[in-house]
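[1] Give me a model of this one.
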Amino acid sequence: MPLPQPTSTSPATRGMHRIQRVSGILHMLLSLLLPGLPLLMGLGWALVPDATVGASFGIFMGVGEGEELTLLDRGAGFIASLLPLSVILYGVWHLRALFGLYADGEILGTANAGRLRALAMTLILWLPAQFVGDAVISLALSIDNPPGERFIALNLSSNDFAITMIGAIALVISWVMVEAARAADDSASII
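    Residues are numbered from 1 along each chain as shown. Down below sits the predicted model:
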């Protein structure tokens with residue numbers, strides 16, 4: 001997406017051009033993340049050594065000494081990882097679109113607020129998705145254990161709650177942006 005060159009040297013024009021240029025770069029990087037994240041997750045499950053699989057995927061469990069993950073274990077772990085990953089991809093999709101709007105010069109509008117609202121919901125949904133995802137991953141990795149040794153590991157951290165709080169704050173900001181965009185549209189239609 002070609003970016004317009006500033007025709008004026010005013011600070012506002014230079015600032016807008018900078019926003020468009022950086023947003024265009026971020027739009028491109030986020031476009032690469034959409035297919036890249038599932039690919040990296042799949043490679044991780046395929047290539048990470050058995051002893052470090054828990055630490056590598058942020059879960060508090062590992063494979064016992066002398067035990068190996070089967071292809072079925074790794075496949076089940078990857079499939080279980082898709083739940084939290086899908087929430088992340090949803091957020092990346094909307095963040096990419098938001099930076100696309102900025103790159104096109106649309107700084108404030110209802111479309112921007114809608115993308116920010118979707119991003120806020122992503123952050124809010126992150127906590128339950130990660131919680132359930134960790135539980136399913138731990139079950140998938142222990143399903144081969146004999147009865148009585150299978151388990152479900154539940155994991156919550158203060159970071160998860162902080163992300164949820166940031167999502168709630170961003171949700172309120174998106175509501176404010178919608179009202180500001182409506183007020184601007186009403187003012188423009190009066191004139």
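
[2] Next, the distance between the ends of stretch 104-112.
    For stretch 104-112, the first-to-last residue distance is 12 Å (C-alpha to C-alpha, to the nearest Å).

[3] Identify the residues contacting it?
    1, 4, 16, 19-20, 98, 101-102, 177-178, 180-182, 184-185 (C-beta atoms under 8 Å, 6 or more residues apart in numbering). All C-beta spots, glycine's among them, are computed from the backbone N, C-alpha and C.

[4] can you rerun that using 10 Å?
    Contacts to stretch 104-112, defined as C-beta atoms under 10 Å, 6 or more residues apart in numbering, come from residues 1, 3-4, 16-17, 19-20, 23-24, 27, 97-98, 100-102, 115, 174, 177-182, 184-185.

[5] Using neighbour counts, trim these to the buried set.
    By neighbour count, with 16 or more other C-beta atoms under 10 Å, these hold 16-17, 20, 23-24, 27, 97-98, 100-102, 115, 174, 177-178, 181 as buried.

[6] Could you report the neighbour count for Ala76?
    Residues lying near Ala76 (other C-beta atoms under 10 Å) number 20.

[7] Next one: it from Ile143, what distance?
    7 Å (C-beta to C-beta, to the nearest Å).

[8] residue closest to the middle of the chain?
    Ile88 (2.8 Å; C-alpha atoms, centre = their mean).

[9] How about the longest helix along the chain, which residues are buried there?
    Criterion DSSP state H: the longest helix present in the chain is helix 11-47. Neighbour-count burial for helix 11-47, counted by 16+ other C-beta under 10 Å, picks out 16-17, 20, 23-24, 26-27, 30, 33, 38, 41, 44-45.

[10] sorry, back to before: what's the pLDDT at the residue nearest to the centre of the chain?
    As predicted, Ile88 sits at a pLDDT of 94.

[11] List the contacts of it.
    33, 37-38, 41, 122, 126, 129-130.

[12] In a markdown table, list those residues along with distance to Phe161 and pLDDT.
    Formatted as a markdown table, the contacts of Ile88 follow (distance: C-beta to C-beta, whole Å; pLDDT from 0 to 100):
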| residue | distance to Phe161 | pLDDT |
| --- | --- | --- |
| Leu33 | 25 | 95 |
| Leu37 | 23 | 95 |
| Pro38 | 27 | 95 |
| Met41 | 24 | 91 |
| Thr122 | 16 | 95 |
| Trp126 | 10 | 90 |
| Ala129 | 14 | 92 |
| Gln130 | 11 | 88 |
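
[13] in the protein, which helix or strand is least confident?
    The weakest-scoring helix or strand in the chain, judged by mean pLDDT, DSSP states H and E, is helix 53-56 (a mean of 54).
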